[in-house]
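J.: Here's my sequence, what's the structure:
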Amino acid sequence: MPKHGKKYREACSKIDLEKAYSPREAVELVKEASFAGFDETVEVHLRMGLDPRQADQQVRDVVVLPNGLGKTVRVLCFPRGEAAAAAKAAGADTVADTDEVLKKIQQGWTEFDVAIATVDMMGKVGRLGRVLGPRNLMPNPKAGTVVQPEDVAVAIEQAKAGRVEFRLDKTANIHVPIGKVSFSSDALYENLEALMTAIRRARPAGAKGTYLRKVTVTSTMGPGIKVEPNSALALEASQV
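T.: Predicted coordinates:
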């Protein structure tokens with residue numbers, strides 16, 4: 001196993017690696033234990049009591065974090081007709097309403113973070129699956145990125161503001177960013193509240209037994225901080 005550096009060991013000395021902290025304590029400690037020379041991302045890792053092989057135990061949804069992610073989100077939109085003007089007005093970085101842009105993507109261009117499509121464009125967008133699929137950029141109704149033309153502006157604004165998709169992976173884990181270590185503890189806590197509210201509401205019909213087994217909060221370079229699962233799952237965002 002690789003040896004950790006002095007700064008990492010110093011960060012670990014500030015926490016009890018065996019203790020499960022309250023959600024409030026965890027977000028305060030993740031800030032205190034960060035040490036990198038850049039603004040680290042704060043991430044939440046959830047170990048779920050689900051079987052990802054079962055169709056009725058899947059989790060896939062989105063959450064709008066009230067304090068955003070602390071980064072600029074580049075949005076590409078696939079609209080048609082009047083929706084193109086709405087997309088531009090809403091702040092889409094790229095409006096892919098021409099065959100020229102579609103061809104550029106087919107050739108491998110993916111310099112954007114979120115792709116949003118109107119339903120009447122999915123026939124064309126579907127042909128880009130080989131490029132967008134492996135990069136998790138393919139618009140999907142469950143992720144709120146395939147919308148009716150009249151809803152395109154709201155979808156773009158939410159993506160810019162900090163809408164995050166979460167989904168159960170093949171190892172029964174969910175990984176979600178909730179901000180930066182430069183955020184205040186209150187801002188991180190509010191984002192965590194919003195996420196856990198969404199996780200609780202996304203509980204699938206086929207879930208049996210313990211829904212949430214483990215919760216860990218960490219920064220990009222920092223140590224993992226365990227959180228009490230029941231306390232985390234009980235969090236309720238004031239506004240969702």
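J.: And what about residue 137, helix, strand or coil?
T.: Put simply, residue 137 is coil when judged by DSSP: H, G, I helix; E, B strand; the rest coil.
J.: Could you check the pLDDT of it?
T.: Residue 137 is assigned a pLDDT of 93 by the prediction.
J.: For it, give me its contacts.
T.: Residues in contact with residue 137, defined by Cβ atoms under 8 Å, 6 or more residues apart in numbering, are 110, 112, 114, 115, 131. Just so you know, the C-beta spots here come from the backbone N, C-alpha and C atoms, and that holds for glycine as well.
J.: Inside helices: which ones of those?
T.: residue 131 (DSSP state H).
J.: And the buried ones among the contacts of residue 137, selectable in PyMOL?
T.: The command below creates a PyMOL selection of those among the contacts of residue 137 that count as buried (16 or more other Cβ atoms under 10 Å):
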select buried, resi 112+114+115+131
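J.: In strands, which of the contacts of residue 137 appear?
T.: Counted as lying in strands by DSSP state E, out of the contacts of residue 137, are 114, 115.
J.: and the two most separated of the contacts of residue 137?
T.: Based on Cβ to Cβ, the longest span within these runs between 114 and 131 and measures 15.0 Å.
J.: Tell me the one of the contacts of residue 137 nearest residue 16?
T.: Taking Cβ to Cβ as the measure, residue 16 lies nearest residue 114 of the contacts of residue 137, at 37.7 Å.
J.: Do I have it right that the closest one meets residue 72?
T.: No - in this structure, residue 114 sits apart from residue 72 without contact. The criterion is Cβ atoms under 8 Å, and the distance is 11.4 Å.
J.: how's the protein carved up into domains?
T.: Here the chain is described, according to automatic domain parsing, as comprising the domains 6-69+163-233, 75-161.
J.: Name the single longest helix found in this structure.
T.: Ordering each helix of the chain by length in residues (DSSP H) puts helix 185-201 first.
J.: just checking, what packs against it?
T.: Here helix 185-201 is seen to pack against helix 23-32, strand 41-48, strand 60-64, strand 163-167, strand 173-180, helix 229-233 when contacts are counted using 3 or more Cβ pairs under 8 Å, 6 or more residues apart in numbering; DSSP states H and E.
J.: Identify each buried residue in whatever helix or strand comes next after that helix, please.
T.: Remark: after helix 185-201, the chain's next helix or strand is strand 212-219, criterion DSSP states H and E. Buried residues in strand 212-219, counting neighbours by 16+ other Cβ under 10 Å, are found at 212, 214, 215, 216, 217, 218, 219.
J.: Read off the pLDDT value for the fifth one.
T.: In the prediction, the pLDDT value recorded for residue 217 is 97.
J.: That one is in contact with residue 224, isn't it?
T.: Yes - assessed by Cβ under 8 Å, residue 217 is found in contact with residue 224 at 7.4 Å.
J.: Give me the common contacts of the two.
T.: residue 45.
J.: and residue 221, what is it in contact with?
T.: Going by Cβ under 8 Å, 6+ apart, residue 221 touches 8, 34, 35, 36, 40.
J.: Apologies, that question was intended for residue 157.
T.: Taking Cβ under 8 Å, 6+ apart, we find residue 157 in contact with 90, 91.
J.: tell me the SS of it?
T.: Secondary structure assignment for residue 157 (three-state DSSP): helix.
J.: picking that back up, the longest helix of the chain relative to strand 41-48, how many degrees between them?
T.: Counting by axes from the mean of the first three to the mean of the last three Cα atoms, to 10 degrees, helix 185-201 lies at 30 degrees to strand 41-48.
J.: out of everything not next to it in sequence, what's closest to residue 144?
T.: residue 62 (4.7 Å; Cβ to Cβ, 6 or more residues apart in numbering).
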